[in-house]
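J.: Fold the following for me, if possible:
(one chain, ligands or ions: 1)
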Amino acid sequence: MCYAIPGVVVEIRDKLVTIDYFGERKLARNDFCKLAIGDYVLAQGGFIIERVEETKAKAVLSDWKELFNELQETDMRLTSEAKTLYQLANKTRHEHTGNSCCVHGIINFSNYCVKDCLYCGIRNSNDNLIRYRMSVDEIVEASDMAVNKYNFKALVLQSGEDMWYNDEILMDIIDKVRSRCNVLLIMSIGERDLSTYKLLYERGARGILLRFETSKEDLYSSLKPGSNLKKRIELIEELHRMGYLIMTGFLVGLPGQTEEDILRDIHLTNKLHSEMFSFGPFISHKDTPLKDASLPSLDMALTSIARARMLYPDARILVTTALETLDKFEGAKKGLLAGGNSLMIDMTPVKYQKLYSIYPEKKGTESSIEERIEEVTKLLESIGRAPTDLGL
Ligand code: SAH
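T.: Okay, the predicted model is just below:
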């Protein structure tokens, strides 16, 4: 599987590069490569990741050309007779973002967390959880495998808020991963000092995944003891100013959350310059104070995707694995057909996957990484989606 198709550079304006993919043009930012018009490149998340040698690029493109056209036809067919909200959202997705679908890898490298969020299975006071921390070498190995063996071009490194990974260790991780992998690195490590985030940016991290969880201030404070929504939002805004691509969002179906709240959450996600909307259903975990909370319906989760698409037609909208807990077999497909256009695949070493149990029955943890990749590849093909970059 390849998660990025090479494109050819047709225009360069300072750091902004226009790339042509089979006649479709997308913009990307170039922070890392020396480029000239006519060069072939791989881009991800609107960033140029690497230059690709012409003969290699042409070989990949000739393999892809026919398939790409077939995929586009399938996508078009599926969106041609839109009637319901989901179908209309899917049509809007098709018209505004084409059949591109981002597929990012995610490595959950530690389940230690200083926070005690009432909804989260890795909360500090959950004593039933076996805790793990991956060493720098393990993280670098797992990243190397994701990028160089499985071809991921964007990788999220996620953990609980674990201060064991201090500035020095985090910088070491980024240096070592970047020395072995051409990849868009996205950090998801919670609320850390701005100085830490500045250092990580200087080392080459370019994305941050940090959800605001809910835009409802009193709900936020009641679910996250000792935390403050304003502070989290200010941090996200500051990180955007620093130059990071922002991925943020919220939980759908929290106790006490109304439909209006969810609409406000969608608007806030956009207001925070989200490059990728990351929101998904809240799934109650037996070892948390919210163990008895009921699950949101699949319809509620899909409606929030569809509404986000109708409100923000150009958005990248992630279909989270939590949606697949609500519908094990078709959750991802239904999310993609309700307006979603991004997926993540868990690339955490299998022995740790189940331990990153923010919620129960996490999809993917019962199969091998290869099986999961194959499943996603088949799904994307069946609904006509291609892994070209969505551009800036
Ligand atoms: N330390 C990082 C990562 C936290 S875990 C950070 O603070 O951003 C990643 C996300 O999992 C959280 O942002 C939250 O939205 C989600 N999550 C936690 N508990 C969940 C649950 N019970 N159901 C669904 N998602 C959950």
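
J.: Show me which positions of the helix or strand bottoming out on mean pLDDT in the chain end up buried.
T.: Using mean pLDDT, DSSP states H and E, helix 54-79 stands out as the lowest-scoring helix or strand of the chain, at a mean of 86. Residues of helix 54-79 classed as buried by neighbour count (16 or more other Cβ atoms under 10 Å): 57, 60-61, 64, 68, 71-72, 74-75, 78-79. From N, CA and C alone the C-beta is placed, and that goes for glycine too.

J.: and if you look at stretch 7-22?
T.: 7-9, 17-19, 21.

J.: So what touches that stretch?
T.: With Cβ atoms under 8 Å, 6 or more residues apart in numbering as the test, stretch 7-22 has contacts from 5, 25-31, 35-43, 48, 57, 61, 64-65, 68-69, 388-389, 391-392.

J.: can we see that at 6 Å?
T.: Residues from elsewhere that reach stretch 7-22 (Cβ atoms under 6 Å, 6 or more residues apart in numbering): 25-30, 35, 37, 39-41, 43, 68, 388.

J.: Tabulate those (TSV), appending distance to the ligand and secondary structure.
T.: Putting these into TSV (distance: Cβ to the nearest ligand atom, whole Å; DSSP: H, G, I helix; E, B strand; the rest coil) gives the following:
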residue	distance to the ligand	secondary structure
25	34	strand
26	28	strand
27	28	strand
28	26	strand
29	24	strand
30	28	coil
35	33	coil
37	40	coil
39	36	coil
40	35	strand
41	30	strand
43	25	strand
68	33	helix
388	27	coil
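
J.: which of these are buried?
T.: Here, 16+ other Cβ under 10 Å leaves 26-30, 39-41, 43, 68, 388 buried among those.

J.: pLDDT score for residue 43?
T.: Listed pLDDT for residue 43 reads 89.

J.: Please read the previous query as pertaining to residue 391.
T.: 62.

J.: same check, this time on residue 191
T.: As summarised for this prediction, residue 191 has a pLDDT of 97.

J.: What's the separation between the nearest residue to residue 125 once chain neighbours are set aside and residue 216?
T.: Closest residue to residue 125 apart from its sequence neighbours, by Cβ to Cβ, 6 or more residues apart in numbering: residue 116 at 5.6 Å. From residue 116 over to residue 216 the distance is 19 Å, taken as Cβ to Cβ, to the nearest Å.

J.: Kindly report the same for residue 39.
T.: 48 Å.

J.: so how many other residues sit close to the residue nearest to residue 289 when sequence neighbours are not counted?
T.: In this structure, residue 289 finds its nearest non-sequential neighbour in residue 118, 4.7 Å apart by Cβ to Cβ, 6+ apart. By other Cβ atoms under 10 Å, the residues close to residue 118 number 17.

J.: let's have the chain start at 24 instead
T.: Sure, I'll start counting at 24 from here, so that last one is residue 141.

J.: Look up how far residue 288 lies from residue 141.
T.: Separation of residue 141 from residue 288 (Cβ to Cβ): 18 Å.

J.: Residue 35 too?
T.: Note on residue 35: its distance to residue 288, by Cβ to Cβ, is 38 Å.

J.: what do you get for residue 307?
T.: Look at residue 307 and residue 288: by Cβ to Cβ, they are 19 Å apart.

J.: for the ligand, what are the nearby residues on the protein?
T.: By the rule Cβ under 6 Å from any ligand atom, the part of the chain lying against the ligand is 142-143, 181, 183-184, 211-213, 233-234, 236, 274, 305-306, 308, 345, 381-382.

J.: Kindly recompute the last result at 5 Å.
T.: The chain comes close to the ligand at residues 142-143, 184, 211, 213, 233-234, 305-306, 345, 381-382, as judged by Cβ under 5 Å from any ligand atom.

J.: Going by distance to residue 356, which of the residues you listed wins?
T.: residue 345 (15.1 Å; Cβ to Cβ).

J.: host element of that closest one?
T.: Counting by DSSP states H and E, the element that carries residue 345 is helix 344-349.

J.: tell me which strands and helices that helix is in contact with?
T.: Using 3 or more Cβ pairs under 6 Å, 6 or more residues apart in numbering; DSSP states H and E, the elements in contact with helix 344-349 are strand 303-304, helix 354-359.
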